[in-house]
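A.B. asks: predicted structure and sequence below. I'll ask about it afterward.
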Amino acid sequence: MRIRQGLRRIESLLPLWFSPFLSLLSFFSSPRLSVFQEAKSKIKVFWLKSLLPDEDYFRLVAPREGETALVVGGGYGCCALQCLQKVGRKGKVIVIEPCPKCLRFLATLFSEKKNVVLVPKAAMDRKGECYLYLYLTDVNLSAFSKGMPVKVCADTLDDICAELGVERVDYMAMDVEGAEIEALRGAKRIIGRTEKVVVGAYHLRNGKPTWAWVERYLKKMGFKTKVTDDGLVHAWRTGTRSNAGSLI
């Protein structure tokens, strides 16, 4: 047990790519199957991250130690895991994800992280049930693609944050496969209490990427913005410090 606790402390100080190997080492110091499952989860995240496009959600702004990060569209946890590493034990990470398979994976990945909250819902502009459609893989769910329908629970980010008692968000990362317009429309209250936002807005709606709408909306909500060549809209409040520590 002491070995395992020591490995956990070391893990918090090491880069993301090293954590799968520590989890494997931890497995051999404990007979519990959950440790092995966590190791497999982290290795899969590491493998998936190496295959994903180079979308840097932390290029301009990122969560800091002790802050609250909201990840909308958790997927396999790549972004959430990096947020957790940045906010540390004193911070909090809220992950919103509707895909049942991804949720099972995330539950294993963050099984021992008390400061990670999983919300099994789709972020939309209204509360209720809706159909999302599987495309590309068996975990990509979109409201605007053709594929096998999956019924999920939907809710607004405003209602989700209110139910969790979250009054302020320091950093929000969003990748919801084309539903970013609906998700932001359902976040009017909490977006006004958010300091930094990064939205994956490279998805096509009516043949056009959504970044123009997203940037216009965030500017209207009082943010400064920058669209990078990978289709991410980065937004921040006046006086926010960049990753380099300077005001932007």
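C.D. replies: Looks like it arrived, so ask away.
A.B. asks: which residues does A235 contact?
C.D. replies: K196, V197, V198, V199, E215, L218, F223, K224, T225 (Cβ atoms under 8 Å, 6 or more residues apart in numbering). In short, each C-beta sits where N, CA and C put it, glycine included.
A.B. asks: let's verify it: helix, strand, or coil?
C.D. replies: Using DSSP: H, G, I helix; E, B strand; the rest coil, the structure places A235 in strand.
A.B. asks: is it in a bridge, and if so with what?
C.D. replies: A235 has these beta-bridge partners by DSSP bridges: V197, T225.
A.B. asks: try A69
C.D. replies: Beta-bridge partners, per DSSP bridges, of A69: V93, Y171.
A.B. asks: quick one: it from L204, how far?
C.D. replies: 27 Å (Cβ to Cβ, to the nearest Å).
A.B. asks: neighbour count for the two, which is higher?
C.D. replies: Each of A69 and L204 has its neighbours counted (other Cβ atoms under 10 Å); A69 has more, 26 against 11.
A.B. asks: okay but that one is in contact with D170, surely?
C.D. replies: Yes - using Cβ atoms under 8 Å, A69 makes contact with D170 at a distance of 6.7 Å.
A.B. asks: overlap in contacts of the two?
C.D. replies: Joint contacts of A69 and D170 (Cβ under 8 Å, 6+ apart) are P63.
A.B. asks: so which residues of the chain form strands?
C.D. replies: 68-72, 92-96, 116-119, 122-123, 128-134, 141-142, 148-155, 169-174, 194-200, 204-205, 208-209, 224-227, 232-236 (DSSP state E).
A.B. asks: including distance to V61 and mean pLDDT, could these go into a markdown table?
C.D. replies: Output for those, formatted as a markdown table (distance: least, Cβ to Cβ, whole Å; pLDDT from 0 to 100):
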| stretch | distance to V61 | mean pLDDT |
| --- | --- | --- |
| strand 68-72 | 11 | 98 |
| strand 92-96 | 16 | 98 |
| strand 116-119 | 21 | 98 |
| strand 122-123 | 20 | 96 |
| strand 128-134 | 29 | 85 |
| strand 141-142 | 26 | 70 |
| strand 148-155 | 26 | 90 |
| strand 169-174 | 7 | 98 |
| strand 194-200 | 4 | 97 |
| strand 204-205 | 25 | 86 |
| strand 208-209 | 21 | 91 |
| strand 224-227 | 10 | 96 |
| strand 232-236 | 5 | 96 |
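A.B. asks: between those, which gets nearest to C102?
C.D. replies: Taking Cβ to Cβ, strand 141-142 is the member of the strands of the chain nearest to C102, at 8.5 Å.
A.B. asks: once you drop chain neighbours, what's closest to A187?
C.D. replies: L157 (3.8 Å; Cβ to Cβ, 6 or more residues apart in numbering).
A.B. asks: and for that neighbour, the neighbour number?
C.D. replies: Counted with other Cβ under 10 Å, L157 comes out at 30.
A.B. asks: what's A179 sitting at in phi/psi?
C.D. replies: phi -100, psi 20 (degrees, to the nearest 10).
A.B. asks: on that earlier part again, neighbour count added to the contacts of A235, as a markdown table?
C.D. replies: Putting these into a markdown table (neighbours: other Cβ atoms under 10 Å) gives the following:
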| residue | neighbour count |
| --- | --- |
| K196 | 25 |
| V197 | 26 |
| V198 | 25 |
| V199 | 30 |
| E215 | 19 |
| L218 | 22 |
| F223 | 21 |
| K224 | 13 |
| T225 | 18 |
